[in-house]
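> Pasting the sequence and the predicted model now:
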Amino acid sequence: MDRLVETVAEDEDNVLSGKYLHGLGQKARLSLVDVLEAPWGFWGSFTGTGAATFEETVQLGAWRMAGIGPLPHILDHNPQERHPQQSHSTEDHPTSYSCTITSLTPTKVSCTAAGLSAGSYRPMVTMAGARAVVGNKVTSTTLPVASALTPQSGSINGGAVLVGNSSGFIPGYMMVVVGGAECSMLQESANTISCRLPPGIEGEAAVVVSVACSENVMAAKAFTYAAAVTPMLLSVTPSTDVVSSTTLTLDGTGFTLSGGTPEVTVGGKRCGLVSPASPTSLQCIVPALGGGKHEVVVRDAVYGDSNNLSISLIFSLTSLTPSSGSFGGARIMLAGQGFDPDGGSLVTLCDLPCDLVSSDSTTAITCVAPALPHSEADVTCDVVVSSPNGLSASLLGGFTYQLALTLSLTGLEPQ
């Protein structure tokens, strides 16, 4: 949306000085006042255009207006303070805006600035043959405007992507609150925002857009949390003793409310559909996950999330190869189920850490057994695998340090 900024000079010692104007909303006007009351031909000579009047110099393109901003206090707002681990997409906003001249009088020039972000600005005027900047007294304040929202209703469990179109946004300096809860930002640009909706209580919820150093703006229409467009998950089979790559069967209602393909997540990871979903049933394959409890959620393509049900994945240690080795250490491979695919598992032998070599599988871990001090007898150790969520599995006496497998130095010649 185009915006206009207005500045009026009031100090005869400075042709380009002026006064603060606040709360101008969507349309204000930027103006240059000829307080010199210059004689006929002065501005034509000054700009090198040969024009008779100030108005003619503008018509000939001798003047250009722009906003220099936002003012420094806008930049004091660190977007990382609002989004400590910001991973969503943001679009850079310009630090200056062109202002296209739309009208003028012998003492005033008006212009429009498109895509102006919310905040305060110092106008600047440039003309052929010279350049001048409006004095520090001159500022203009613009406000963000929130308009269309899509979708207008969604699941009471949240999860829908809310898209808002408007103007005056500042990418990286924004927050959206729906029904008093923050909407997790996904993408920001000067004219569009999108965020993942939080859960809400059935009924209308106000949508408030906050931009750094500007007033909060409420969207023209509220978002409606509705049970009628909320998927319902009734059962998941199997729900215990599950392993990665198991096929799950989900039963419920409203899986295809919007007509699109639903998404299923298990433990936050996508569970790949085996076949097209029906409104009441679907099947998917469990992704690579560590052992323990994980939530299963069905997400409608438009309206958002179902309730969640939990399933339990196995965490076990079944074998160790080789089961014996040198006191100097040996490379061993552990087999089992539910190991952390992100490498977060910890392996110990005799309570000493086994240095991980490969740990990105849910069924296998390779590590180097720690060296032990020389002993007069074999030493048998328990082998323990621990997961990041506190689970553990062990093989009692699973590995033996053997003298027979340990090289020893008995002499050195010449000494």
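On my side now, so go ahead.

> what's the weakest-modelled helix or strand in the chain?
Lowest by mean pLDDT, DSSP states H and E among the helices and strands of the chain is helix 72-75, with a mean of 31.

> Can you say which helix or strand has Cys99 in it?
In this structure, Cys99 sits in strand 96-105 according to DSSP states H and E.

> Please spell out which residues along stretch 293-310 are buried.
Across stretch 293-310, burial judged by 16 or more other CB atoms under 10 Å covers 294, 296-300, 302-307, 309. To be clear about C-beta, it is placed using only N, CA and C from the backbone, and glycine gets the same treatment.

> Show the pLDDT at the residue lying closest to Val229 once chain neighbours are set aside.
Using CB to CB, 6 or more residues apart in numbering and skipping the chain neighbours, the partner closest in space to Val229 is Tyr303 (4.2 Å). Predicted confidence (pLDDT) for Tyr303: 97.

> quick one: buried residues of the one helix or strand Thr366 maps to?
If you go by DSSP H and E, Thr366 is part of strand 364-368. Residues of strand 364-368 classed as buried by neighbour count (16+ other CB under 10 Å): 365-367.

> Just the C-alpha atoms of it, please, in CSV.
C-alpha atoms of strand 364-368 as CSV (Å, rounded to 0.1, in the frame of the first residue of the first chain):
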residue,chain,number,x,y,z
ALA,A,364,23.6,-50.0,15.2
ILE,A,365,26.4,-48.1,17.0
THR,A,366,30.1,-48.4,16.3
CYS,A,367,32.6,-47.2,18.9
VAL,A,368,36.2,-47.8,20.2
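
> Summarise which helices and strands that strand is packed against.
Counting contacts by 3 or more CB pairs under 8 Å, 6 or more residues apart in numbering; DSSP states H and E, strand 364-368 is packed against strand 331-337, strand 355-358.

> That one: partners in the sheet, and parallel or antiparallel?
Applying DSSP bridges, strand 364-368 is found paired with strand 331-337 (antiparallel), strand 355-358 (antiparallel).

> Can you give the contact residues for the shortest one?
Surrounding strand 355-358, the residues in contact under the criterion CB atoms under 8 Å, 6 or more residues apart in numbering are 331, 343, 345, 347, 364-368, 370.

> One more pass at 7 Å, please.
Strand 355-358 has contacts (CB atoms under 7 Å, 6 or more residues apart in numbering) with 331, 347, 365-368.

> which of the residues in the helix or strand hosting Asp382 are buried?
Assessed by DSSP H and E, Asp382 sits inside strand 379-386. For strand 379-386, a neighbour-count test (16+ other CB under 10 Å) marks 381, 383-386 as buried.
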